[in-house]
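Engineer: Fold the following, please.
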Amino acid sequence: MKHTLSVLVEDQSGALSRISGLFARRGFNIESLAVGPAEAKGISRLTMVVEGDEETLQQMTKQLDKLVNVLNVIDLTRLPAVERELMLLKVSAKKDARKDILDLVQVFRAKVVDVSDEALILEVVGDPGKLVALEKLLKPYGILEIARTGKVALKRASGVNTEMLKSTSSGINLPA
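Structural biologist: Take a look at the predicted model:
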């Protein structure tokens, strides 16, 4: 099972290296890692996606908590959270296909950030599923390059689990 961990760390040299080393020593692959400044000066938030069973992840979380520069670790996997990712996608866009591609861009609320005679660069932000869906639909046109940020996530302040609401048959459609 994939787990999304949110880790607050002090901005100290080697903190990221110690965290990634902890996972590497135990044979864990970090599938996605996004790091940036957090809400307080001198603190960074790491959002990482790792795969493993519940028991192993609990052990890893406890070991992360013991690292000197780690302030807090939250497993967001089963908590109501907002998850987003950014993808830049360069797609072949010859004249005859350009209108179809631009129609897809609108449906996915993506932005065209660069245009040439042969290609478009698109910027799309959303949950990881949205990015995968757009990539799949654009593949027949010829994807030339992709750059993705990795997932960033925060626990929902409202506590509302929109994933659960989407799966109910209430007919309520919530934006992602």
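Engineer: got any ranges where the chain has weak pLDDT?
Structural biologist: 162-176 (pLDDT under 70).
Engineer: Please parse it into its domains.
Structural biologist: 2-79, 82-153 (automatic domain parsing).
Engineer: of these, which approaches Gly159 most closely?
Structural biologist: domain 2-79 (8.8 Å; CB to CB). The way it works is simple: take the backbone N, C-alpha and C, and place the C-beta from them, glycine included.
Engineer: Glu118 reaches Lys94, doesn't it?
Structural biologist: Yes - the criterion here is CB atoms under 8 Å, and Glu118 meets it with Lys94 at 6.6 Å.
Engineer: any chance of the domains of the chain in a markdown table, plus distance to Gly159 and mean neighbour count?
Structural biologist: Below are the domains of the chain laid out as a markdown table (distance: least, CB to CB, whole Å; neighbours: other CB atoms under 10 Å):
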| stretch | distance to Gly159 | mean neighbour count |
| --- | --- | --- |
| domain 2-79 | 9 | 15 |
| domain 82-153 | 12 | 16 |
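Engineer: Select, out of the ones you listed, the one closest to Val160.
Structural biologist: domain 82-153 (10.3 Å).
Engineer: Pull the contacting residues for Ile43.
Structural biologist: Leu8, Val9, Glu10, Asp11, Pro37, Leu71 (CB atoms under 8 Å, 6 or more residues apart in numbering).
Engineer: Find the nearest non-adjacent residue to the third one, please.
Structural biologist: If you skip the residues right next to it in sequence, Glu10 has Asn69 as its closest partner in space, 4.3 Å away by CB to CB, 6 or more residues apart in numbering.
Engineer: most centrally placed residue in this structure?
Structural biologist: In the chain, the C-alpha nearest the mean C-alpha coordinate belongs to Lys151, at 1.5 Å (CA atoms, centre = their mean).
Engineer: Show me the beta-bridge partners of the closest residue to Ile143 other than its chain neighbours.
Structural biologist: Counting by CB to CB, 6+ apart, the nearest residue to Ile143 once its immediate chain neighbours are dropped is Val91, at 5.6 Å. Counting by DSSP bridges, Val91 is bridged to Leu120, Ile143.
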